[in-house]
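J.: Have a look at this fold, sequence not included:
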């Protein structure tokens, strides 16, 4: 029992750290004057290479075996992760950021529903209430999202949310499978798919290569690896809820890097999301203490 509680707290810490890493995406994107597919190609290349390097450093040849002898579940997780990354780019191009943000914020509910059907994992009422509050917080941040005629962008955002939810449930189901290799493979697949659409792969400058390397190594490889490891230790709905911390943290990095002061709406919505996640985590800790 004590070991299970320790693993759950570790899972919370890992997913929180993943959300922090993921939230830096707008910061890096602002620094790069290239089309989305070019950024996706180089970012995935560096992220995949970084994860493979870490695997070799920690596991030696065993790490390469994990990559070359990927299980069916590993391939499925990698494909879902890559599909979500690929769908994210055109969804932002075909519909508003507000629409995409609101749809992504439904992730905890989609994940909880899949976990209930797939794993018979009944979501905790506290987590579901916190998810509703977090969704309201995201709605406040992005303003009044309207679904217009840009149905394809909305469909891609829905597909991305479903892919991430399915990936999260799979990570929970296959706890004993090495999923770090799947994280590397997902980035490599994303880079390969982006090649036909990228317009400026060869035109990237040396200074921007360094930024892309930091983008891939920190925001993608670190964030994805931490999420993969943490999701295996938490109920699927809770992992998805904690990952919504990414949304209110994004304006923070823009403020730090570019001096853009967040609006009152962003601060209020961010407080709702942060409060919901913290309330769920504190409630979980109290429940564990009462069970002692």
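T.: On my side now, so go ahead. These figures come from a predicted structure and were not determined experimentally.

J.: worst-scoring helix or strand of the chain, pLDDT-wise?
T.: helix 97-105 (a mean of 73; mean pLDDT, DSSP states H and E).

J.: Can you list the buried residues in that one?
T.: Of the residues in helix 97-105, 98, 99, 100, 101, 102, 103, 104, 105 count as buried by neighbour count, 16 or more other CB atoms under 10 Å. Just so you know, the C-beta spots here come from the backbone N, C-alpha and C atoms, and that holds for glycine as well.

J.: ok, now stretch 120-135?
T.: 121, 123, 124, 126, 127, 130, 131, 133, 134, 135.

J.: how about residue 112, what does it touch?
T.: Listed by CB atoms under 8 Å, 6 or more residues apart in numbering, the contact set of residue 112 reads 123, 127, 128, 131, 236, 237, 240.

J.: go again using 10 Å as the cut-off
T.: Residue 112 makes contact with 121-124, 127-128, 131, 165, 168-169, 235-238, 240-241 under the criterion CB atoms under 10 Å, 6 or more residues apart in numbering.

J.: Next: residue 203.
T.: Shown in contact with residue 203 (CB under 10 Å, 6+ apart): 34, 38.

J.: again, 8 Å this time
T.: residue 34 are the contacts of residue 203 under CB under 8 Å, 6+ apart.

J.: where does it land on pLDDT?
T.: If you check residue 203, the pLDDT there is 89.

J.: how close does it sit to residue 89?
T.: 18 Å (CB to CB, to the nearest Å).

J.: go on, residue 195?
T.: Going from residue 195 to residue 89 by CB to CB gives 13 Å.

J.: how deep is residue 285 tucked in, by neighbour count?
T.: 14 (other CB atoms under 10 Å).

J.: Specify the local secondary structure of it.
T.: helix (DSSP: H, G, I helix; E, B strand; the rest coil).

J.: Renumber starting at 46 from here on
T.: Fine by me, first position is 46 from now on; the one you just mentioned is residue 330.

J.: residues making contact with stretch 79-88?
T.: Stretch 79-88 has contacts (CB under 8 Å, 6+ apart) with 74, 77, 130-131, 134-135, 137-138, 232, 235-236, 239-240, 242-246, 248-249, 253-254, 257, 260-261, 264-265.

J.: just to revisit the earlier point, show me how far the least confident helix or strand of the chain is from its chain's centre.
T.: In terms of CA atoms, centre = their mean, to the nearest Å, the centre of helix 142-150 is set 14 Å apart from its chain centre.

J.: If you count neighbours, what's buried in the very next helix or strand once past it?
T.: With elements assigned by DSSP states H and E, the helix or strand that comes after helix 142-150 is helix 152-164. Buried residues in helix 152-164, counted by 16+ other CB under 10 Å: 152, 153, 154, 155, 156, 157, 159, 160.

J.: can you list the weak-confidence ranges in this protein?
T.: For the chain, residues meeting the criterion pLDDT under 70 lie at 46-49, 141-143, 187-194, 221-223, 333, 336-337.

J.: picking that back up, neighbour count for residue 240 and residue 134, which is higher?
T.: Higher neighbour count among residue 240 and residue 134: residue 134, with 19 against 12, using other CB under 10 Å.

J.: Now do the same contact list for the more buried one.
T.: Applying CB under 8 Å, 6+ apart, the residues near residue 134 are 81, 82, 85.

J.: Just send those residues back as a markdown table, with neighbour count and distance to residue 63 too.
T.: Formatted as a markdown table, the contacts of residue 134 follow (neighbours: other CB atoms under 10 Å; distance: CB to CB, whole Å):
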| residue | neighbour count | distance to residue 63 |
| --- | --- | --- |
| 81 | 18 | 22 |
| 82 | 21 | 24 |
| 85 | 24 | 19 |
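
J.: Tell me where the stretch 196-337 of the chain has strands.
T.: Assigned strands in the stretch 196-337 of the chain: none (criterion: DSSP state E, counting those that start in this stretch).

J.: returning to what we had before: and which of the buried residues of helix 142-150 is nearest residue 219?
T.: Using CB to CB, residue 149 comes nearest to residue 219 of those, at 23.9 Å.

J.: which non-adjacent residue is nearest residue 119?
T.: residue 227 (4.4 Å; CB to CB, 6 or more residues apart in numbering).
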